[in-house]
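K.L.:
just a sequence and a predicted model for now, questions to come.
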Amino acid sequence: MTLRLDLLRHGETESGGGLRGSLDDALTERGWQQMHAGVEGRGPWDLVVSSPLQRCASFAEQLTARLQLPLLLEPGLKELHFGDWEGRSTVALMQTDAEGLGRFWSDPYGFTPPGGEPVERFSQRVLAAIDSLYQAHPGRRVLLISHGGVMRLLLARARGLPREQLLSVEVGHGAWFGLTVAAGRMSEEG
């Protein structure tokens with residue numbers, strides 16, 4: 001039995017770019033448009049699962065109300081917590097912690113931002129949430145609304161990329177990807 005996961009990243013946020021992590025930013029009007037465009041002509045789904053952060057959950061609540069679908073807010077799908085780097089742009093970090101940023105980009109599993117969540121723990125949290133979804137909803141199609149880091153992790157795993165290449169996976173605002181989950185394996189849909 002398989003689980004079909006349609007992944008949608010949240011849109012642009014009011015606080016702009018940078019490492020948003022666990023910050024609870026609202027979407028801009030453009031962010032709402034990006035997400036609406038991302039689901040245009042997609043589906044149908046049996047269930048919508050979303051990160052509880054408002055940049056994901058607000059859209060999920062609106063969409064499920066319109067489509068009359070069940071909604072599950074899943075804390076395991078929150079973005080990586082960046083610790084002292086939360087809310088900071090990579091440009092600003094290049095001026096204050098270029099060495100740390102370089103180490104994080106080249107080996108995200110081997111370097112944790114100061115006060116942040118280790119990527120290994122983040123990976124375990126996200127994959128446990130996906131496994132729980134697979135166990136609870138085999139044979140169903142689920143729209144999963146989440147964050148860039150969560151989607152990079154899932155896509156890197158589905159593509160069989162080495163851990164060091166996690167941050168090379170491109171996932172723009174409102175981006176859409178399809179995955180199939182089957183007994184501990186993931187594959188990307190075309």
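P.N.:
Okay, I see it.
K.L.:
residues in contact with the helix or strand hosting residue 95?
P.N.:
Taking DSSP states H and E as the criterion, residue 95 maps to helix 90-96. With contacts defined as CB atoms under 8 Å, 6 or more residues apart in numbering, helix 90-96 is touched by 18, 19, 85, 100, 101. Just so you know, the C-beta spots here come from the backbone N, C-alpha and C atoms, and that holds for glycine as well.
K.L.:
in it, what's buried?
P.N.:
Neighbour counts over helix 90-96 (16 or more other CB atoms under 10 Å) mark residue 93 as buried.
K.L.:
stretch 99-117 too?
P.N.:
Neighbour counts over stretch 99-117 (16+ other CB under 10 Å) mark 100, 101, 104, 108, 111, 112, 113, 116, 117 as buried.
K.L.:
just to check, the last one is in contact with residue 83?
P.N.:
Think residue 117. Yes: contact between residue 117 and residue 83 holds when scored by CB atoms under 8 Å: they sit 7.2 Å apart.
K.L.:
what's next to the biggest helix by length in the chain, contact-wise?
P.N.:
Across the chain, the longest stretch assigned as helix under DSSP state H is helix 119-136. Residues from elsewhere that reach helix 119-136 (CB under 8 Å, 6+ apart): 3, 5, 49, 74, 76-77, 80-81, 108-109, 112, 142, 144, 149-150, 153-154, 157, 166, 181-182, 184, 186.
K.L.:
off-centre distance for that helix?
P.N.:
In terms of CA atoms, centre = their mean, to the nearest Å, the centre of helix 119-136 is set 12 Å apart from its chain centre.
K.L.:
now it: average pLDDT?
P.N.:
Mean pLDDT, computed over helix 119-136, is 97.
K.L.:
which other helices and strands contact the following helix or strand past that helix?
P.N.:
Heading C-terminal from helix 119-136, the first helix or strand you meet, by DSSP H and E, is strand 141-146. Secondary-structure packing of strand 141-146 (3 or more CB pairs under 8 Å, 6 or more residues apart in numbering; DSSP states H and E): strand 3-9, strand 47-50, helix 54-67.
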